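> Here's a sequence, model it:
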Amino acid sequence: AFETGLNRRTHNDLITAEKLSALAAKLDPDKGFRYPAEEIRETYDLSMLYDEHTWGAWSSIDEPWTAFSRGQWALKSSFAYIANETPQTLIKRGLTALGRLISADGDFEFAVFNPLSWDRTDVVRVMLPAGPLRDAKGNFRVIDRRSGSDAKFQPDGDEAILIVARDIPSLGYAVFGIELAKGQSSVGPAAPGAPASSPAAPSAAKPAPAGKTIENRFYRVTVDPATGGITSLFDKELARELVDSSCPYPLNTYIYEQPEGGRKAVDDMEKRAVFHRWMPESAKLETGRQGPASLSLVVKSSAKMCPTLEQRIILYDDVKRIDLNNILHKEATFNPEAVYFAFPFDVGPGFAEGAGKMGKVLASLNVKTGMRGPNVRFEISDGDMVPETEQLPGTTRDWETVQHWVEFAGRNARVVWSPVEAPLVEFGDINTGKWLKRLDITNAWVFSYAMNNYWMTNFKASQDGIIEFNYSLTSGPAAGGPDRVAASR
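Predicted coordinates:
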């Protein structure tokens, strides 16, 4: 799971590296910047070699301790690790070259680049160089040089700040300057009598005991102190609840699974396997970020085969998005197992065939209630699709593979959900071992199939260590049905 997540991030970073390198090569007046075509091609090769599943050993499950199994994994995982390094280097190289083309007059200025093909407002983490800026402890202003106005910001530890970068143009940039507060020296710590903080960055108070609710102007989020999952996600703009309380698992709940009868039971298409599942039973809530740019709630718990689980719920005051950062310490075992995170949304009944901006769509009919299920669409490689309706005959219905997003559209709301590291998802329920012939989606539930070792060959028999799974989501009005363009953004 760790290397798969790393490689998924590499795919995105490599596209950014290509864009920045192309811009730098085109705009360099001296034509000294060379477009790194060979490095990019080699990185694509390595990244795809990791994605190609048969590099694993045939004996990886039955004999995971042998030199052959270990050696095959060492080779396969090396593709992901080596591929991950190149785009980081190319991004820094491209940004440095483009930065030389920007005029900046202040002592402390930086540029924020937007590599996307649409304008963007988002929260950006900026590292502060050692010296006066770190010594100032947030006692400064951040100025948007385009307008001369203050930009919202807050400290993020001792070495960085979070700023709200508004309306950064597509494949463009904006320059920001940091101006030390009056009485603050640009070469040393604050002068005697200088104010303790600036209006833009209030000095952080001591963290108060965290309640089970966190909210901003877009959302109110309530956490279950037992499981650590989200029992309520209320969209204030829509005045609607987005969590389906009929699901036995709250939103973002960690679920650990073991099957009876081992891998053969899971693989049996004639007899449905029996699974045992566990969730955390007690969670500790702590206050996280508190500032004008972002705030967060930290949920700490433990569960079976996971002695420590830290889940951060992050909200942004100027961006209608929730980021969920799940960091788990997974214990090793060769026994068959799986890990899921639950995301049961409620968007209301879907639209009939032919509705929406994307042409033909079809929502399943719930035979129990007579209500139509939500419209579901998700991104695949170089396209998007409706599960079941647009699937090839004979392909799996138990799980699907998602690139960047899943969209649920109903008459009450639209939710767009994005799994960053984990590509496998299951719709409607945990479907592993059901071997469904048809997938009727009658609710807006999606389960992130974060890790498993059920397959008989090629893959690791055990997954352990510190592993991070990130998810993002946003919501909006139904507005007549699904919208693939808005979902992609």
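
> Pull the distance from the longest helix seen in the chain to the chain's centre.
Longest helix in the chain, counting residues (DSSP state H): helix 67-99. Helix 67-99 sits 20 Å away from the centroid of its parent chain (C-alpha atoms, centre = their mean, to the nearest Å).

> For the nearest residue to Asn84 once chain neighbours are set aside, give me its contacts.
Leaving aside its chain neighbours, Asn84 sits nearest to Thr10 (4.8 Å; criterion: C-beta to C-beta, 6 or more residues apart in numbering). The way it works is simple: take the backbone N, C-alpha and C, and place the C-beta from them, glycine included. Residues near Thr10 by C-beta atoms under 8 Å, 6 or more residues apart in numbering: Thr43, Ser47, Ala80, Ala83, Asn84, Pro87.

> on contacts alone, who are the packing partners of the longest helix of the chain?
Counting contacts by 3 or more C-beta pairs under 8 Å, 6 or more residues apart in numbering; DSSP states H and E, helix 67-99 is packed against helix 2-27, helix 37-51, strand 109-114.

> mind running it again at 7 Å?
helix 2-27, helix 37-51 (3 or more C-beta pairs under 7 Å, 6 or more residues apart in numbering; DSSP states H and E).

> now that helix: mean pLDDT?
Averaged across helix 67-99, the pLDDT comes to 95.

> what's Glu310 sitting at in phi/psi?
phi -120, psi 120 (degrees, to the nearest 10).

> Show the contacting residues for the spatially closest residue to it that is not a sequence neighbour.
Spatial nearest neighbour of Glu310, excluding adjacent residues (C-beta to C-beta, 6+ apart): Ile327 at 4.7 Å. Shown in contact with Ile327 (C-beta atoms under 7 Å, 6 or more residues apart in numbering): Glu310, Ile466, Glu468.

> try His329
His329 sits next to Cys306, Pro307, Thr308, Ile466 when contact means C-beta under 7 Å, 6+ apart.

> now the residue nearest to Asn84: how far from Asp156?
25 Å (C-beta to C-beta, to the nearest Å).

> Please give the element, helix or strand, for Thr227.
Assessed by DSSP states H and E, Thr227 sits outside every helix and strand.

> could you show me where the helices are in the stretch 351-489 of the chain, in order?
Assigned by DSSP state H, counting those that start in this stretch, the helices in the stretch 351-489 of the chain fall at 484-488.

> And for Pro336, the neighbour number?
Counted with other C-beta atoms under 10 Å, the neighbours of Pro336 add up to 22.

> what about the nearest residue to it once chain neighbours are set aside, neighbour count?
For Pro336, ignoring the flanking residues on the chain, the nearest one in space by C-beta to C-beta, 6+ apart is Arg263 at 5.0 Å. Burial of Arg263 is recorded as 17 neighbouring residues (other C-beta under 10 Å).

> Report the contact partners of Arg263.
Listed by C-beta under 7 Å, 6+ apart, the contact set of Arg263 reads Pro336, Tyr454, Met456.

> Can I get the helix or strand bottoming out on mean pLDDT in the chain in CSV, CA atoms only?
When each helix and strand of the chain is scored by mean pLDDT, DSSP states H and E, helix 484-488 comes last, with a mean of 87. The C-alpha trace of helix 484-488 is given here as CSV (Å, rounded to 0.1, in the frame of the first residue of the first chain):
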residue,chain,number,x,y,z
ARG,A,484,-17.8,15.6,-14.8
VAL,A,485,-15.9,19.0,-15.4
ALA,A,486,-16.7,20.2,-11.9
ALA,A,487,-15.8,16.8,-10.4
SER,A,488,-12.4,16.9,-12.2
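
> what comes into contact with that helix?
Met358, Arg377, Asp384, Trp405, Glu407, Val416.

> gap between it and the chain center?
The answer for helix 484-488 is 16 Å, by C-alpha atoms, centre = their mean.

> of the contacts of helix 484-488, closest to Val299?
Val416 (23.0 Å; C-beta to C-beta).

> Correct me if wrong: that closest one contacts Trp405.
Yes - Val416 is within contact range of Trp405, at 5.6 Å (criterion: C-beta atoms under 7 Å).

> So which of the two has more stuff around it?
More neighbours surround Val416 than the other of Val416 and Trp405, with 24 against 21 (other C-beta under 10 Å).

> need the contact list for the nearest residue in space to Phe459 that is not next to it in sequence.
Of all residues not flanking Phe459 in the chain, Gly56 sits nearest, at 5.4 Å (C-beta to C-beta, 6+ apart). With contact taken as C-beta under 7 Å, 6+ apart, Gly56 is in contact with Gln72, Trp73, Lys76, Thr457, Asn458, Phe459.

> Taking the residues you listed, please make a PyMOL selection of just the buried ones.
Here is the PyMOL command that picks out the buried ones among those, judged by 16 or more other C-beta atoms under 10 Å:
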select buried, resi 72+73+76+458+459
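
> Make CSV out of the contacts of Gly56 and add distance to Asp144.
Formatted as CSV, those follow (distance: C-beta to C-beta, whole Å):
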residue, distance to Asp144
Gln72, 52
Trp73, 48
Lys76, 46
Thr457, 55
Asn458, 51
Phe459, 48
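
> The contacts of Thr10: which two are farthest apart?
Ala80 and Pro87 (12.3 Å).

> Pick out whichever of these two has more residues nearby.
A direct count of neighbours by other C-beta under 10 Å for Ala80 and Pro87 places Pro87 higher, at 26 against 22.

> ok, that one touching Asn12?
No - under the criterion of C-beta under 7 Å, Pro87 makes no contact with Asn12, lying 8.6 Å away.

> for the contacts of Gly56, which one is nearest Lys182?
Out of those, the member with the shortest distance to Lys182 (by C-beta to C-beta) is Lys76, at 57.8 Å.

> doesn't Trp55 make contact with that closest one?
Yes - taking C-beta under 7 Å as the definition, Lys76 is a contact partner of Trp55 at 4.2 Å.

> buried subset of the contacts of His329?
Cys306.

> Now pLDDT too, for the contacts of His329, in JSON lines please.
As requested, the contacts of His329 are exported to JSON lines (pLDDT from 0 to 100):
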{"residue": "Cys306", "pLDDT": "97"}
{"residue": "Pro307", "pLDDT": "97"}
{"residue": "Thr308", "pLDDT": "97"}
{"residue": "Ile466", "pLDDT": "97"}
